[in-house]
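Engineer: Need coordinates for the following:
(4 chains)
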There are 4 protein chains.
Amino acid sequence: MTSFPLSRRLVSEALGTAVLVATVVGSGIMADRLTTDTALALLANTLPTGAILVVLISVLGPISGAHFNPVVSLVFTLRRELAAMPALGYVVAQILGGIAGTILAHSMFELPLLQASTTIRSGGAQWLAEVTATFGLIFVIFSGLRFRADAVAWLVGLYITAAYWFTASTSFANPAVAIARSLTNTFAGIRPIDLPGFIIAEILGALLAALLTSWLLMDVRIPRTLAETEPTP
Amino acid sequence: MTSFPLSRRLVSEALGTAVLVATVVGSGIMADRLTTDTALALLANTLPTGAILVVLISVLGPISGAHFNPVVSLVFTLRRELAAMPALGYVVAQILGGIAGTILAHSMFELPLLQASTTIRSGGAQWLAEVTATFGLIFVIFSGLRFRADAVAWLVGLYITAAYWFTASTSFANPAVAIARSLTNTFAGIRPIDLPGFIIAEILGALLAALLTSWLLMDVRIPRTLAETEPTP
Amino acid sequence: MTSFPLSRRLVSEALGTAVLVATVVGSGIMADRLTTDTALALLANTLPTGAILVVLISVLGPISGAHFNPVVSLVFTLRRELAAMPALGYVVAQILGGIAGTILAHSMFELPLLQASTTIRSGGAQWLAEVTATFGLIFVIFSGLRFRADAVAWLVGLYITAAYWFTASTSFANPAVAIARSLTNTFAGIRPIDLPGFIIAEILGALLAALLTSWLLMDVRIPRTLAETEPTP
Amino acid sequence: MTSFPLSRRLVSEALGTAVLVATVVGSGIMADRLTTDTALALLANTLPTGAILVVLISVLGPISGAHFNPVVSLVFTLRRELAAMPALGYVVAQILGGIAGTILAHSMFELPLLQASTTIRSGGAQWLAEVTATFGLIFVIFSGLRFRADAVAWLVGLYITAAYWFTASTSFANPAVAIARSLTNTFAGIRPIDLPGFIIAEILGALLAALLTSWLLMDVRIPRTLAETEPTP
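Structural biologist: Sure thing, here's the model as predicted:
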């Protein structure tokens, strides 16, 4: 998929996930400090996140594929487009990068470097929201790669911009980002104890999308009736 | 127009309309819960809708054409670019998909799955707004397909972003979405009794746009005076 | 520049200016009704205007060039890329289209069809703002056409999005739109008596930009020292 | 890199930096006058800045490279893609252009032309934010030029849109803009005495990014084992 050596691909995954998490957490802190209107804070959290996704996927995609997300790496592995060992490396890089992103955001805003979030995000409706959010994300990535490969960065950025608002969970859709967000007790946080529910929902949504795309996007076969029914001489 | 089998095209239309409606209804609920400022709520309803339209048209357009809208399918049928039977299937898929989108949004936000809206949207000014909104949408689609086919997803998303604000009706412009929105008593709702007025206005706007584009975009003929006036030997 | 007959080009200019004005005036009314925060109202006025410009220039540009603005037509005429007679037709179509846009917005929002604005926009600082706004617009159009012709619609939409905020006049930058906005006593209005100052400033800004671009974008000549100094045998 | 004469390149750098600063300062003044919500003011400062960056880089990039930023010129010089003398001219043009931008904004908003800001922006957290902001900007520019050269204008505009919110300093990331912003005692200002800390942090961030990109983006060598180990006959 990419000809860059694995060391640089892992740095790319860690760096991208770090900046993504720094943006989600940092813009949440900034917004929360500047307004008392929660909708405005969420908007000021949404637009930077959508924007940075377009940027990160554009500039790091050619190096590592710009997954920044363990369930994306999982689906690539299931599709046999990524081998198991580098995939494992990707996931470790994403999780460590994500945690570094939280630490960076906290440092810039003069907060304790690591915190345990107390924001409750649990229950069936939240899990359904995460299944939906991740289903959509994986669908957009693979359908986008199939039909509009050069626009995938934009499509992912715009999808997340929408999903922040139409899913009740504000669309985490990413286990590495969820883990990193459990370590900040600010606007974007999630209680550590709520992580398993979110991560299971995200994996489920990803698998459902992988199933649907494998059918919906399947190559359209041109019928070759003669060749298939007539015996070759 | 597309070589995908009808079954997948219908799934594409249903899925796209479902996600579109889930975005319109879901982001309306989210915004309404987080702020008391109606303009901010409408902005937080507008941006996700515009964004998801770009995404959905990009990733599903190559499969089914990404109509997600009965009046779009109607105009394609009138232009003889879609046969009557698949067009009927499209419309059914869009209506069912739209209703599924409302149910999905309600589930994620822990609301009763189907509700009757009590939001009044009626009267001449509202109908004029819907005629205008749908006229613009159909004009953008067909003029866009003619001149900038690869940008139509963006043009539709941006057009709806504007039309949310410049039409007094917030631009439904879509009978399937209107039906789905009559089943939610939240920010984006419309009273079921107000549906006929909206749908008639939308059909009227679409037909007016089809007429105008057929003249305005007509091929520019190179005059062949000699060939036409001189008898062939 | 375009091979479409003049009748269709004039309809394109009138239609485009009408929708542009309907968006500016209509989104201003909608925003003003929904919030008491003027910055939010201006943002809800800005984003639809920027979005509709991208759309209108994309879908009508191939027909008429998508000027929608007398000073744009003026500069094209000065550059001898548009003859005087069609240019005059363009300007008339833009002014009539703009007024129709105001009437349409008023109709959709149930207001008196034509009104005299009482919003004062006058004085040296406002005029400087209009010179600046129009200078920038003309510069962007002609530099954009030279270097990134397929992106001009986007560049104009983004430029106006910025200019709404960085110029003290909210960037009218368009005599036809200014005239149409003098006929609405709503958010986007301007007193009729303030029109001459704005229009003169806009023409001045346009001429300054035409001068600068003619120097800055001038073709870079490859020195042909030998050919010019040596006599041909 | 560009074939335009140096005089026009310097005008391009001065003009671009002037309009950039006028947008940052002017939109800050406009926003601050229209709302009491600081998050909304920052949003109304962010969106015009991101938008004008896309525009300016698109229309002036082909002339001068559209640096508008001394640390960008510095890194181009270190990479030996710009000679020392024109680089010095670039920096002078950027600083003078930036100051002119502040004066223009003040003129349009009827404020004293030059002011000393009293806004404190100092301390380790702010400097870390500036290191981060500038690191990201330089990384985006050079990785963008390598992989998506035609999209760099968009990537920079979107990056700054995000960085306004995720860095605690609102991402100056530009010594010329910082100097110009020290001369306005409005929303976007910075105390002159705080300039050195910001500028040193920006240079540091730029150098770190230059180091990282030189390794991360290094050409991938195709191993030529045979050719390298076997002696040629």
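Engineer: List the contacts of the residue nearest to A:Phe142 when sequence neighbours are not counted.
Structural biologist: The shortest distance from A:Phe142 to any non-neighbouring residue, by C-beta to C-beta, 6 or more residues apart in numbering or on different chains, is to A:Thr213 (4.6 Å). Every residue, glycine included, has its C-beta placed from N, CA and C. Contacts for A:Thr213 (C-beta atoms under 8 Å, 6 or more residues apart in numbering or on different chains) come out as A:138-139, A:142-143.
Engineer: mind checking pLDDT for A:Thr213?
Structural biologist: Predicted confidence (pLDDT) for A:Thr213: 95.
Engineer: same check, this time on A:Pro223
Structural biologist: 51.
Engineer: Put the alpha carbons of the helix or strand encompassing the residue nearest to A:Phe142 into CSV.
Structural biologist: Using DSSP states H and E, A:Thr213 maps to helix A:195-216. Taking C-alpha atoms only, helix A:195-216 is exported to CSV below (Å, rounded to 0.1, in the frame of the first residue of the first chain):
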residue,chain,number,x,y,z
LEU,A,195,-14.5,2.6,27.7
PRO,A,196,-15.3,-1.1,27.2
GLY,A,197,-18.8,-0.3,26.1
PHE,A,198,-17.7,2.3,23.6
ILE,A,199,-14.9,0.1,22.2
ILE,A,200,-17.1,-2.9,21.8
ALA,A,201,-19.7,-0.7,20.0
GLU,A,202,-17.0,0.7,17.8
ILE,A,203,-15.7,-2.7,16.8
LEU,A,204,-19.3,-3.9,16.1
GLY,A,205,-20.0,-0.8,13.9
ALA,A,206,-16.8,-1.3,12.0
LEU,A,207,-17.5,-5.0,11.3
LEU,A,208,-21.1,-4.2,10.1
ALA,A,209,-19.7,-1.6,7.7
ALA,A,210,-17.1,-4.0,6.5
LEU,A,211,-19.8,-6.6,5.7
LEU,A,212,-22.1,-4.1,4.0
THR,A,213,-19.4,-2.6,1.8
SER,A,214,-18.1,-6.0,0.8
TRP,A,215,-21.5,-6.7,-0.7
LEU,A,216,-22.5,-3.2,-1.8
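Engineer: tell me which residues of that helix are tucked away?
Structural biologist: When burial is assessed from 16 or more other C-beta atoms under 10 Å in any protein chain shown, helix A:195-216 yields the following buried residues: A:195, A:197-199, A:201-210, A:212-213, A:216.
Engineer: do the same with stretch A:142-155
Structural biologist: For stretch A:142-155, by 16+ other C-beta under 10 Å, it's A:142-148, A:151-155.
Engineer: Please apply the same query to stretch A:126-138.
Structural biologist: A:126-138.
Engineer: out of the residues you listed, which one sits closest to D:Ser12?
Structural biologist: Distance to D:Ser12, by C-beta to C-beta, is smallest for A:Leu137 among these, at 40.6 Å.
Engineer: all helices for chain A, in order.
Structural biologist: Along chain A, counting by DSSP state H, helices occupy A:6-34, A:38-64, A:70-78, A:84-108, A:124-147, A:152-166, A:175-181, A:195-216, A:225-229.
Engineer: The second one near chain D anywhere?
Structural biologist: Yes - part of helix A:38-64 sits close enough to chain D to count as contact by C-beta under 8 Å from any C-beta of the partner chain, namely A:40-41, A:43-45, A:47-49, A:51-52, A:54-55, A:58-63.
Engineer: Tell me, how many residues neighbour whichever residue of chain A sits closest to chain C?
Structural biologist: Chain A approaches chain C most closely through A:Leu40 (8.7 Å), counting by C-beta to the nearest C-beta. By the criterion of other C-beta atoms under 10 Å in any protein chain shown, A:Leu40 has 24 neighbours.
Engineer: again with A:Leu88
Structural biologist: 13.
Engineer: got the contact list for the residue of chain A closest to chain C?
Structural biologist: So A:Leu40 contacts A:31, B:35, B:40, D:37, D:39-40, D:43 (C-beta under 8 Å, 6+ apart).
Engineer: Show me the shaky parts of chain A.
Structural biologist: Filtered on pLDDT under 70, chain A yields the residue ranges A:1-2, A:221-233.
Engineer: returning to what we had before: any idea how far the residue of chain A closest to chain C lies from A:Thr118?
Structural biologist: 23 Å (C-beta to C-beta, to the nearest Å).
Engineer: For chain A, list the residues in contact with chain B, please.
Structural biologist: A:37-40, A:42-43, A:46-47, A:50, A:125, A:128-129, A:132, A:136, A:139-140, A:143-144, A:147-148, A:151, A:154-155, A:158-159, A:161-169, A:215-217, A:220.
Engineer: re earlier: name the nearest of the contacts of A:Thr213 relative to chain B.
Structural biologist: When the contacts of A:Thr213 are compared for distance to chain B (C-beta to the nearest C-beta), A:Ser143 comes out closest, at 3.8 Å.
Engineer: Verify the contact between that closest one and B:Leu56 for me.
Structural biologist: No - the criterion here is C-beta atoms under 8 Å, and A:Ser143 misses it with B:Leu56 at 9.9 Å.
Engineer: excluding its backbone neighbours, what's nearest A:Thr161?
Structural biologist: Using C-beta to C-beta, 6+ apart, the closest residue to A:Thr161 is A:Gly50 (3.6 Å).
Engineer: Can you report how many residues neighbour the nearest residue to A:Leu42 once chain neighbours are set aside?
Structural biologist: Distance criterion C-beta to C-beta, 6+ apart; nearest residue to A:Leu42, sequence neighbours excluded, is B:Leu34 at 6.2 Å. Residues lying near B:Leu34 (other C-beta under 10 Å) number 19.
Engineer: cool, and the one 4 residues further on?
Structural biologist: Here the neighbour count serves as a burial measure; for B:Thr38 (other C-beta under 10 Å) it reads 16.
Engineer: Please apply the same query to the one 5 residues further on.
Structural biologist: Other residues within reach of B:Leu43 by the criterion other C-beta under 10 Å amount to 26.
Engineer: so who does it touch?
Structural biologist: B:Leu43 sits next to A:43, B:31, C:40, C:43-44, C:47 when contact means C-beta under 8 Å, 6+ apart.
Engineer: one more time with 10 Å, if that's ok
Structural biologist: With contact set as C-beta atoms under 10 Å, 6 or more residues apart in numbering or on different chains, B:Leu43 has these partners: A:39-40, A:43, B:31, B:35, B:37, B:161, B:164-165, C:31, C:34-35, C:40, C:43-44, C:47.
Engineer: Of those residues, which is the nearest to A:Gln94?
Structural biologist: A:Leu43 (26.7 Å).
Engineer: Figure out which of the helices of chain A is closest to C:Thr77.
Structural biologist: C:Thr77 lies closest, by C-beta to C-beta, to one member of those: helix A:152-166, at 37.5 Å.
Engineer: If we ignore the residues flanking it in sequence, what's nearest A:Leu158?
Structural biologist: In space, and not counting its chain neighbours, A:Leu158 is closest to B:Ala51: 4.1 Å by C-beta to C-beta, 6+ apart.
Engineer: What residues does that neighbour make contact with?
Structural biologist: So B:Ala51 contacts A:46, A:50, A:154-155, A:157-166, B:23, B:27, B:157, B:161 (C-beta under 10 Å, 6+ apart).
Engineer: now do A:Asp219
Structural biologist: Here A:Asp219 is in contact with A:Arg146 (criterion: C-beta under 10 Å, 6+ apart).
Engineer: Tell me the residues of chain A that contact chain C?
Structural biologist: Where chain A comes near chain C, counting by C-beta under 10 Å from any C-beta of the partner chain, the residues are A:37, A:40.
Engineer: how does it look with 6 Å?
Structural biologist: Taking C-beta under 6 Å from any C-beta of the partner chain as the criterion, chain C has no neighbours within chain A.
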